[in-house]
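>>> this one's structure only:
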């Protein structure tokens, strides 16, 4: 019991420190730029593109897809940046030298970003609803909220996977950029996954977001939890798999960086 | 004069060589344009979609890449000297600052132009998409006007980013907003009227409009008006840039506080 309490305290402390020291958007200007302007303009761009191509009746399709994809902004950029910033600020060797439980330290990286991801989606969706006069009258809103929570968790799982690469890579944030924008192509954000070639469809369903976005679209159409339980279960399973794979990679690369003295190779 | 050209040429060479080995440069001219082109082509190439829609998919990714390189690499001409610790040397040499910046920005724009190659190739190979009715001479002139427009903006942003670091974050966050306002992937005519008003103040909007009009037969073709608007607005930006460079010189040489800005 004492061990459990101790680990919980480490988790809470690590989460708090991650927020105060590494949450790179914790300035008013930074938050406005990357947490308000970026989400709003991303939705504006893709909704206008979709409306131009397919007509205004499909605005909700594009707004919802892109609003949900914004969770990846926090889950991927945020989580990858925490490791990259440890390296940049010179605190990575201290972290790797500490006796703290690695799994606890590793998972604590995602907490603030999951909360931030949920906040981003809520703000972005609210703005999209006002800007484009979208109607959520038929939506199952509690279920939509659950979808947002699940997607925020699963994209953070993907972020943990790629964040591990930051242990041995100088410009890990480049990976974040590529992964974040590649999700726009493969996860059914702006067009159905079924239009992709077979190989990309396999990749799509092995990534977070794809099932979550499908579930959210059904929730907006009024579906019940029972109807989308399979999609949400699959989404959680995919996210957990990425997070666990990320943890395994973290442990492996920690050893590699320690052996090669690469902790400060930036 | 010869020494100025030589200095600009050196800055150009160094700029290009640095970009060849920079993973960020490849992200901007290759990866991002391809991703946006892919999404654009999928969305715009529905069965039965008019060919004018597909044109936006063919050129849109390239325009996005070109702009990204122009404002990120070109605009950070002074900032990157600060990051690399060479800011004082740049101001200490007898060569005028604008000569060095000129060479660097031309190097960036050259890289930016590369963005059209992978996106056009992908559009052709992946979607069999072509530009249906290209008016070669007007297309070339429009591209030159667009290049001048991007050049003027990069020249203006360079001192702006150096003086106020937050300006870069704001524009970086607003990047997709620029795609919207400049009509890189769809015509600005579909935007709300106030947004069209704002878009009209941006020189790339008019150059982009001319570029797209030169690839389709239908629609208005007021090329001369669009070119003049783009060039006029670009010249206005350059006037603003003149004052910003004076401010940078003052911060760097008189108060010595530019490195702290």
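Ah, there it is. Remember, predicted model here, so these are calculated numbers, not experimental data.
>>> C-alpha only now, for contacts and for neighbours.
Noted.
>>> Near chain B, which residues of chain A are found?
A:29-30, A:32-34, A:37-38, A:41-42, A:44-45, A:48-50, A:52-54, A:174, A:178, A:181-182, A:184-185, A:190-191 (Cα under 8 Å from any Cα of the partner chain).
>>> change it to 7 Å
Neighbours of chain B within chain A, by Cα under 7 Å from any Cα of the partner chain: A:29-30, A:33-34, A:37-38, A:41-42, A:45, A:49-50, A:52-53, A:181-182, A:185, A:191.
>>> which of these are buried?
Burial by neighbour count, judged by 16 or more other Cα atoms under 10 Å in any protein chain shown, picks out A:30, A:33-34, A:37-38, A:41-42, A:45, A:49-50, A:52-53, A:181-182, A:185, A:191 from the residues of chain A next to chain B.
>>> Please identify which two of those are farthest apart in space.
Longest distance between any two of these is 33.0 Å, between A:30 and A:53; criterion Cα to Cα.
>>> any chance you could map the helices in the stretch 151-266 of chain A?
All helices of the stretch 151-266 of chain A, identified by DSSP state H, counting those that start in this stretch, fall at A:172-186, A:198-205, A:210-220, A:225-260.
>>> Of these, flag the one that's most buried.
Ranked by mean neighbour count, the helices of the stretch 151-266 of chain A are led by helix A:210-220 with a mean of 25 (mean count of other Cα atoms under 10 Å in any protein chain shown).
>>> That helix - what's its average pLDDT?
In this model, helix A:210-220 has a mean pLDDT of 97.
>>> again with stretch B:199-214
97.
>>> how distant is it from the center of its chain?
Centre-to-centre, stretch B:199-214 and its host chain are 12 Å apart (Cα atoms, centre = their mean, to the nearest Å).
>>> got it, and stretch A:10-26?
Distance, stretch centre to chain centre, for stretch A:10-26: 17 Å (Cα atoms, centre = their mean).
>>> ok, residues contacting that stretch?
Here stretch A:10-26 makes contact (Cα atoms under 7 Å, 6 or more residues apart in numbering or on different chains) with A:31, A:82, A:85, A:104, A:105, A:108, A:109, A:111, A:112.
>>> Now do the contacts for the closest residue to residue A:205 other than its chain neighbours.
Distance criterion Cα to Cα, 6 or more residues apart in numbering or on different chains; nearest residue to residue A:205, sequence neighbours excluded, is residue A:211 at 7.1 Å. If a contact means Cα under 7 Å, 6+ apart, then residue A:211 has A:231, A:232, A:234, A:235 as its contacts.
>>> Over to residue A:151?
Residues near residue A:151 by Cα under 7 Å, 6+ apart: A:209, A:212.
>>> Okay, it and residue A:198: tell me how far apart.
Note on residue A:151: its distance to residue A:198, by Cα to Cα, to the nearest Å, is 24 Å.
>>> chain center to stretch A:114-134, what's the gap?
15 Å.
>>> what's the answer for stretch A:136-148, then?
Its chain's C-alpha centre and that of stretch A:136-148 lie 19 Å apart, by Cα atoms, centre = their mean.
>>> Find the residue closest to residue 129 in space, skipping its chain neighbours.
As the question left the chain open, I've gone with chain A. residue A:135 (7.2 Å).
>>> nope, chain B please
Closest residue in space to residue B:129, ignoring its immediate chain neighbours: residue B:123 at 5.3 Å, by Cα to Cα, 6+ apart.
>>> And for residue B:77?
Using Cα to Cα, 6+ apart and skipping residues adjacent in sequence, the residue nearest residue B:77 is residue B:158, 5.7 Å away.
>>> Is there proximity between stretch B:161-177 and chain A?
Yes - with Cα under 7 Å from any Cα as the criterion, chain A is reached by stretch B:161-177 at B:166, B:169, B:170, B:173, B:174, B:176, B:177.
>>> so what secondary structure elements neighbour the host helix or strand of residue B:204?
Here residue B:204 sits within helix B:203-213, counting by DSSP states H and E. Using 3 or more Cα pairs under 7 Å, 6 or more residues apart in numbering or on different chains; DSSP states H and E as the contact test, the elements touching helix B:203-213 are helix B:136-163, helix B:223-249.
>>> Fine, thanks again, bye for now.
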